[in-house]
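J.: could you look at this predicted model? Sequence included:
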Amino acid sequence: MTDHQPSLVRPFIPDPFLGHGMFVVRAGMAVVVIALGALTVAALEAFLLGSQSLSAIEVAEMMANCY
């Protein structure tokens, strides 16, 4: 049987500023993701609703004319 030696390693004590800093970093990343998603949806909507979009009939006619 061995005697248990006390650990010389200090217990982990979280730093309150580090916790707040990580929250700010994660919140910032979430804002960036939401903004990029909104811009992507807006660009896709503008593309599909604009004059550049093609209907299924137009695509079928173009494919029929190619062959």
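T.: Okay, I see it.
J.: could you say which helix or strand holds Leu48?
T.: Using DSSP states H and E, Leu48 sits within helix 16-49.
J.: tell me the first helix or strand C-terminal of that helix.
T.: Taking DSSP H and E, what comes next after helix 16-49 is helix 56-66.
J.: and Arg10, which of the three is it?
T.: Under DSSP: H, G, I helix; E, B strand; the rest coil, Arg10 falls in the coil class.
J.: use 427 as the first number for this chain going forward.
T.: Noted, 427 is the first residue going forward, which turns the last one into Arg436.
J.: that one: neighbour count?
T.: 6 (other C-beta atoms under 10 Å). C-beta here means a position set from N, CA and C on the backbone, and glycine is covered the same way.
J.: and what of Thr466?
T.: With other C-beta under 10 Å as criterion, Thr466 counts 10.
J.: again with Met455
T.: Summarising burial for Met455: neighbours were counted as other C-beta under 10 Å, giving 10.
J.: measure it to Leu462 for me?
T.: Per C-beta to C-beta, to the nearest Å, Met455 is found 11 Å from Leu462.
J.: okay then, goodbye and thanks.
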